[in-house]
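**Student:** one predicted model, sequence on top.
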Amino acid sequence: MKKDKINIFLVDDDELYLKSLKIDFMALPHICIHTFATGEKCLKALDQNPDIIILDYNLNSIELNAMNGIQTLDKIKKLQKYSIPVIMLSSQDSIEIAISCMHHHAFDYVIKSETAFLRIQKLLVSIQKLKKLENQLDWYMSKI
């Protein structure tokens, strides 16, 4: 059965950026967007089966003791056994942070900028193509 909409979780403690990105996504008819201000709230909602998670690297401006993006990423990967692609998002243009995110099994790292939404859109297309290929491979392997 084919799903009509892509279920995306957007996690960011920057309320203005979160609302701005949500508005951008709402203009896309094939996207269902859910927003969360903390990693803890995102983790509690994983039973809603997101297809993709877009996760801010820093998540402690609202609650100082909140999990950061890497801690949240690690918990998502542990709970979901790597099945959910996670795109890390940050205002920090740092190769060290990008590499760290990739070592923690992020799908990609996007810097918050004027072009971030366009980059995320391209990544969504790539993720959908990858999932389609994985499904085809699974089908093929089941026939052998």
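**Tutor:** Perfect, I can see it now.

**Student:** what residues are up against residue 84?
**Tutor:** Neighbour list for residue 84: 50, 51, 52, 53, 76 [criterion: CB atoms under 8 Å, 6 or more residues apart in numbering]. (Each C-beta comes from the backbone N, C-alpha and C, glycine too.)

**Student:** does anything pack onto the helix ranked longest in the chain? Which helices or strands?
**Tutor:** Taking DSSP state H as the criterion, the chain has its longest helix at helix 116-143. Helices and strands touching helix 116-143, by 3 or more CB pairs under 8 Å, 6 or more residues apart in numbering; DSSP states H and E, are strand 6-11, helix 15-26, strand 52-56, strand 86-90, strand 108-111.

**Student:** turn the ones you listed into CSV, columns for mean neighbour count.
**Tutor:** Below are these laid out as CSV (neighbours: other CB atoms under 10 Å):
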stretch, mean neighbour count
strand 6-11, 22
helix 15-26, 15
strand 52-56, 25
strand 86-90, 24
strand 108-111, 19
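
**Student:** what's the least confident stretch among these?
**Tutor:** Mean pLDDT per stretch puts helix 15-26 lowest among these, at a mean of 92.

**Student:** what lies in contact with that one?
**Tutor:** 8, 10, 12, 31, 33, 35, 37, 54, 112, 116, 117.

**Student:** cool, and stretch 47-65?
**Tutor:** 3, 6-14, 21, 34, 37-39, 42, 66-70, 72-73, 76, 84-92, 97, 101, 106, 120, 124, 127.
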